[in-house]
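In: Fold the following for me, if possible:
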Amino acid sequence: MRKTLLLALALLGTPAWAADYVQAPGSNLTFAGTYQGEVFTGKFPGFVTTFRFDPKQLAASKLQVVIPLATAATSNADYDGELRGASFFDAARFPRATYIATTFRALGGNRYAADGTLTLRGISKPVVLEFTWTPGAAPVLSGKATVKRLAFGVGGGDWADTALIPDAIAISTKVVFKAK
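Out: Purely as a prediction, here's the structure:
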C-alpha cells in the first residue's frame, strides 16, 4: 500500500512534457511587400517546421523553421531571379534561413507570441511571430511576423531605397502538424 501511494505521488509530481510535432502537407510560408507601389507576394516551398508545444507548458516549447532560399517564388521570373541573387537572398552563399524560438507568451484565447531569432544571410536578429494555435488531430499554427529586410542586408545597393521596396516585409504562415 505504501509503495502504491509513493508511486502515485511520484507520478503526480512528474511534469507533463510538451508534444512534439512535425510539419504535414497543406502548410505554407508566404511573404508580401510592394515594389514601386505594386503589391507582390511570394512563397517558400520546401520549408520545414518542427514544433514542441503545449499551451500549459510554454517554457518547454520550441519552434524551428528551416527555409530554403533558392525556392523563393513570386510567379514572376524576373522577381524570382533577383530575389535568389546576390542583392537579395544570395542563395548561392546562404542557401537557407532559420527561425528558432524558445520563448513563448500567451496573448489570450488561443493566441501566442514566439520570441525567436531569424538568421538570414548570416545575420541573426530577433523576430516575433504572433500566432493562433488550433489543437486537434491535425493541429494548426497560423502566424504573422514583420521582417525588416535591410537589417539582414536583403535588397542592398540600389535596392536599399525604401521608396522602391519598403523595409518592412510581411510574413504569413499556416503550418499543419502531425505528432512526431
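In: Low-confidence ranges, this protein, go.
Out: Along the chain, segments meeting pLDDT under 70 span 1-17.
In: need the strands for it, in chain order.
Out: Counting by DSSP state E, the chain has strands at residues 19-23, 28-35, 38-43, 48-53, 62-68, 96-108, 111-120, 123-134, 140-148, 168-179.
In: what's the second one packed up against?
Out: Strand 28-35 is packed against strand 38-43, strand 168-179, with contacts defined by 3 or more Cβ pairs under 8 Å, 6 or more residues apart in numbering; DSSP states H and E. C-beta coordinates here come from the backbone N, C-alpha and C atoms, glycine included.
In: That strand to strand 62-68, inter-axis angle?
Out: Relative orientation of strand 28-35 versus strand 62-68 (axes from the mean of the first three to the mean of the last three Cα atoms, to 10 degrees): 60 degrees.
In: any residues touching strand 28-35, and which ones?
Out: If you take Cβ atoms under 8 Å, 6 or more residues apart in numbering as the criterion, strand 28-35 is touched by 39-44, 47, 65, 67, 79, 147, 164-166, 168-175.
In: Drop anything exposed from those residues.
Out: In terms of neighbour count (16 or more other Cβ atoms under 10 Å), the buried residues within the contacts of strand 28-35 are 40, 42-44, 47, 65, 67, 79, 147, 165, 169, 171, 173, 175.
In: With that, I have no additional questions.
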